[in-house]
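Asks: how would this look folded up:
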Amino acid sequence: MDAFLSKKQRSLIIFYSTLFLLVFQLLFFKISPQIYSIFNPLPFLIIGLAIKYSDFFKSCLLALIILVFLNFLNESFFSKQIIIFHFIISIVTLFFLGSYHFSKKINLDCSNFLSGVIIFFLFFFAIFYILFFNDFEYEKLRSFLQKSIDQIISSYEIQKSNDIDRIIKVIMMILPSVNSLIFFTTFSLNLILSKFILKKFEIRQSTTLNLTDFTTPLWFSFIYLIILIFVLTQNPNSKIFVLNINTLICMSFCFLLEGYISFNSYFKKIKINTFIKFIIIFLLFFFLGYLLLFILLFIGLFENISKKTNKKR
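Replies: Take a look at the predicted model:
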């Protein structure tokens, strides 16, 4: 009887989790595609942290099957864009949580786990760049970017600068890693928010990932320094330089996270409601954008150097 009830309860958990994923994805998308692009990992992380990994996998799979089926019946109900995003975020979240469970089995701490995930991502990023990002794809993306910038200039009646081509070249060079860095950042913020929501609703977390203990490992900092030296000494027009500069930007996420943790620990001392604090942080990211990322990056680098120096003493 207990076994039967256990199976029944797990089936209900999978059903309600699937419903939660579908409803919140549709809700975010209908409210605003921009909100959806920022918060689409949130329902996945809430469910992934709250239930067993195997049940989460079944919920993601069932939700995908329902999305495809509904799209087949009526394309206007669930767009193909939601299906693609659901598939990508499902894979990313499943990989992230699966890797975390594996790291716990081999007694790997949070710092080495997250740094290892970044290195693993960079390995596939390098393979993708070498195999698929050829000259034809580069020119297609460049022409699209040129067209977009020309439309902005004509719409706002901005005087065209001679440096536009140089700016496009720089953007094209770092675009893959900047997009990756933005995704890492939004995914981390969604992870923090999902943990906060579960805590507020007093829902026990089956996965307890604590980011506050994170510090960039020495081996990661050493690799970062080597790549920085390569970037400073290589020809800026070579493909190896482009690959290295993108790798460096992606690896900067660890120091960015360390900077955020340092900033957040200081921010916690200010006596304001936790939810209001999160809104303030979100608005800072929204309005300051890249400037705030640079500030947090330098804070993270400074914190990491300080910790390593104090350990040696």
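
Asks: enumerate the positions of stretch 56-71 that are buried.
Replies: Residues of stretch 56-71 classed as buried under the neighbour-count rule (16 or more other CB atoms under 10 Å) are 56, 57, 58, 59, 60, 62, 63, 64, 66, 67, 71. (Glycine included, C-beta is placed from N, CA and C.)

Asks: one more: stretch 207-221?
Replies: Residues of stretch 207-221 classed as buried: 207, 209, 211, 214, 215, 216, 217, 220, 221 (neighbour count, 16+ other CB under 10 Å).

Asks: give the contact list for the fifth one.
Replies: In other words, residue 215. With contacts taken as CB atoms under 8 Å, 6 or more residues apart in numbering, residue 215 has the following neighbours: 111, 258, 303, 304, 307.

Asks: where's the first one relative to residue 270, distance?
Replies: Applying CB to CB, to the nearest Å, the value for residue 111 to residue 270 is 26 Å.

Asks: these two: which is more packed in?
Replies: Between residue 111 and residue 270, residue 111 has the larger neighbour count (other CB atoms under 10 Å), namely 19 against 8.

Asks: who touches the strand or helix carrying that one?
Replies: Using DSSP states H and E, residue 111 sits in helix 110-132. Among residues not part of helix 110-132, those counted as contacts by CB under 8 Å, 6+ apart are 96, 99-100, 103, 108, 176, 180, 184, 209-211, 213-217, 219-220, 223, 243, 246-247, 250-251, 253-254, 257.

Asks: mind checking which of these are in helices?
Replies: In this view, the contacts of helix 110-132 that belong to helices under DSSP state H are 96, 99-100, 103, 176, 180, 184, 219-220, 223, 243, 246-247, 250-251, 253-254, 257.

Asks: which PyMOL command selects the buried ones in the residues you listed?
Replies: Applying 16+ other CB under 10 Å to the ones in helices among the contacts of helix 110-132 leaves a buried subset, and the PyMOL line that selects it is:
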select buried, resi 96+99+100+103+176+180+184+220+223+243+246+247+250+251+253+254+257
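
Asks: give me the neighbour count for residue 102.
Replies: Counted by other CB under 10 Å, the residues lying close to residue 102 total 11.

Asks: that one and residue 212, how far apart?
Replies: Counting by CB to CB - residue 102 and residue 212 are separated by 22 Å.

Asks: let me see the contact set for the spatially most central residue of the chain.
Replies: The central residue of the chain, meaning the one whose C-alpha is nearest the mean C-alpha position (CA atoms, centre = their mean), is residue 184 at 2.5 Å. With contacts taken as CB under 8 Å, 6+ apart, residue 184 has the following neighbours: 118, 250, 253, 256.

Asks: what's the pLDDT at it?
Replies: Here the pLDDT value assigned to residue 184 is 89.

Asks: from residue 53, how far out is it?
Replies: 22 Å.

Asks: try residue 14
Replies: In this structure, residue 14 and residue 53 are 12 Å apart, going by CB to CB.

Asks: equivalent analysis for residue 181, please.
Replies: Between residue 181 and residue 53 the computed distance is 27 Å (CB to CB).

Asks: who's more crowded, those two?
Replies: Of the pair residue 181 and residue 53, residue 181 is the one with more neighbours under other CB under 10 Å, namely 21 against 15.
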